[in-house]
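Participant: Structure of the sequence below:
(chains A and B)
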Amino acid sequence: DAKTTQPPSMDCAEGRAANLPCNHSTISGNEYVYWYRQIHSQGPQYIIHGLKNNETNEMASLIITEDRKSSTLILPHATLRDTAVYYCIVRVEGSSNTGKLIFGQGTTLQVKP
Amino acid sequence: NAGVTQTPKFRILKIGQSMTLQCAQDMNHNYMYWYRQDPGMGLKLIYYSVGAGITDKGEVPNGYNVSRSTTEDFPLRLELAAPSQTSVYFCASSTSGARYEQFFGPGTRLTVL
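Facilitator: Numbering: from 1, shown residues only, chains lettered A, B, ... in the order given. Model (predicted):
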């Protein structure tokens, strides 16, 4: 699975959009980009994932560059409850895939009033 | 649906003791995983299972054992506990394949003294 690079920390004002970047320059064509978050020692929570196209759900939007070497998770209106560690992970889809997640250290997002 | 449940929530062990961390899921997921998370770090995969009777090692399997006799349960056994096994342990499950999200339990906080 490709390695990802994220900034260690970011701040965001409450009510503003939070844009969390992720570099995955060695990503392969069959690797998905996944985002999870972990709120203060709870189990990680799935946010969104995508392969090539931009994706949106009730929690966030995922923007993947055309060359797929980087992506951005967007929380459109950040709240204090969005303060968490955000993990960007790439996973391969294939016949031998076991669904394993390889976690880096993620980005700690601090939403401030 | 209870989702993924883990017991106990907290445990303190003495060096050399053994214990079993319990994990159960009621979503009929084939894939189950055990992760550990040390302070300030991302999660690391210990063991995983792609179905009843099938298990395999992850990144950090030493000092642990697993079994998967049913689809629902995936216990993690610690033999001869050591201080290096002080960590938070998370169990997760998912439908087969990389395109499906993993659901995480609330975690077990283990201290070995």
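
Participant: My guess is residue A:76 contacts residue A:61. True?
Facilitator: Yes: between residue A:76 and residue A:61 there is a contact under Cβ atoms under 8 Å: 7.0 Å. Where you see a C-beta, it was placed from the backbone N, CA and C, and this is true even at glycine.

Participant: Show me which of these two is the more surrounded one.
Facilitator: Ranked by neighbour count (other Cβ atoms under 10 Å in any protein chain shown), residue A:76 and residue A:61 place residue A:61 first, with 17 against 13.

Participant: Pretty sure residue A:81 sits in a helix.
Facilitator: Yes: with DSSP: H, G, I helix; E, B strand; the rest coil as the criterion, residue A:81 is part of a helix.

Participant: can you pull the contacts of it?
Facilitator: Counting by Cβ atoms under 8 Å, 6 or more residues apart in numbering or on different chains, residue A:81 makes contact with A:39, A:111.

Participant: and residue B:108, bridged to which residues?
Facilitator: In this entry, residue B:108 is beta-bridged to residue B:89, by DSSP bridges.

Participant: Would you quantify the distance from it to residue B:87?
Facilitator: Distance, residue B:108 to residue B:87, using Cβ to Cβ, to the nearest Å: 9 Å.

Participant: excluding its backbone neighbours, what's nearest the residue nearest in space to the middle of chain B?
Facilitator: The C-alpha lying nearest the average C-alpha coordinate of chain B belongs to residue B:34 (Cα atoms, centre = their mean; 3.0 Å). Among residues not flanking residue B:34 along the chain, residue B:46 sits closest, at 4.4 Å (Cβ to Cβ, 6 or more residues apart in numbering or on different chains).

Participant: Would you agree that neighbour falls within a strand?
Facilitator: Yes: counting by three-state DSSP, residue B:46 falls inside a strand.

Participant: quick one: residue A:72 and residue A:24 touch, right?
Facilitator: No: contact criterion Cβ under 8 Å: residue A:72 and residue A:24 do not qualify, at 11.7 Å.

Participant: of the two, who's got more company?
Facilitator: For the pair residue A:72 and residue A:24, the greater number of neighbours falls to residue A:24 (23 against 16), based on other Cβ under 10 Å.

Participant: For residue A:93, report the pLDDT, please.
Facilitator: You'll see residue A:93 listed with a pLDDT of 58.

Participant: should've said residue B:84
Facilitator: 96.

Participant: Mind checking what secondary structure it has?
Facilitator: Reduced to three states by three-state DSSP, residue B:84 is helix.

Participant: What's the local residue count around it?
Facilitator: What residue B:84 shows, counting by other Cβ under 10 Å, is a neighbour count of 10.
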